[in-house]
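Visitor: no letters, just coordinates:
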């Protein structure tokens, strides 16, 4: 069965989700601007790595692999 989380825990989860969505949107806008003006490959790779970090850590739950608690 699924565990019910207290409202405070859900608020923190939603806040983190909103933060990640906003960061990804801002980085995408910055990437678009750089692609149109500078066309710099190195900066695009760095911004892609920033986006990959947020996607892997938040959506793929990689950080939970090294945590002590067991949860699904």
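Guide: Arrived safely. On a predicted model such as this, the values are computed, not experimentally measured, just so you know.

Visitor: what number of residues lie near residue 35?
Guide: 13 (other C-beta atoms under 10 Å). The way it works is simple: take the backbone N, C-alpha and C, and place the C-beta from them, glycine included.

Visitor: give the buried residues for the helix or strand hosting residue 42.
Guide: Assigning secondary structure by DSSP states H and E places residue 42 in helix 41-54. The neighbour-count check on helix 41-54 (16 or more other C-beta atoms under 10 Å) flags residue 47 as buried.

Visitor: and it, how far out from the chain middle?
Guide: Chain-centre distance of helix 41-54: 12 Å, with C-alpha atoms, centre = their mean, to the nearest Å.

Visitor: so which elements touch it?
Guide: Counting contacts by 3 or more C-beta pairs under 8 Å, 6 or more residues apart in numbering; DSSP states H and E, helix 41-54 is packed against helix 7-37.

Visitor: give the rounded mean pLDDT of the helix it packs on.
Guide: The average pLDDT for helix 7-37 rounds to 91.

Visitor: which secondary structure elements does it contact?
Guide: Judged by 3+ C-beta pairs under 8 Å, 6+ apart, helix 7-37 is in contact with helix 41-54.

Visitor: quick one: work out the angle between the helix it packs on and helix 7-37.
Guide: 170 degrees (axes from the mean of the first three to the mean of the last three C-alpha atoms, to 10 degrees).

Visitor: pLDDT averaged over helix 41-54 - what is it?
Guide: Mean predicted lDDT for helix 41-54 stands at 95.

Visitor: now what about that helix, what contacts it?
Guide: 20, 23, 24, 27, 28, 30, 31, 34, 35 (C-beta atoms under 8 Å, 6 or more residues apart in numbering).
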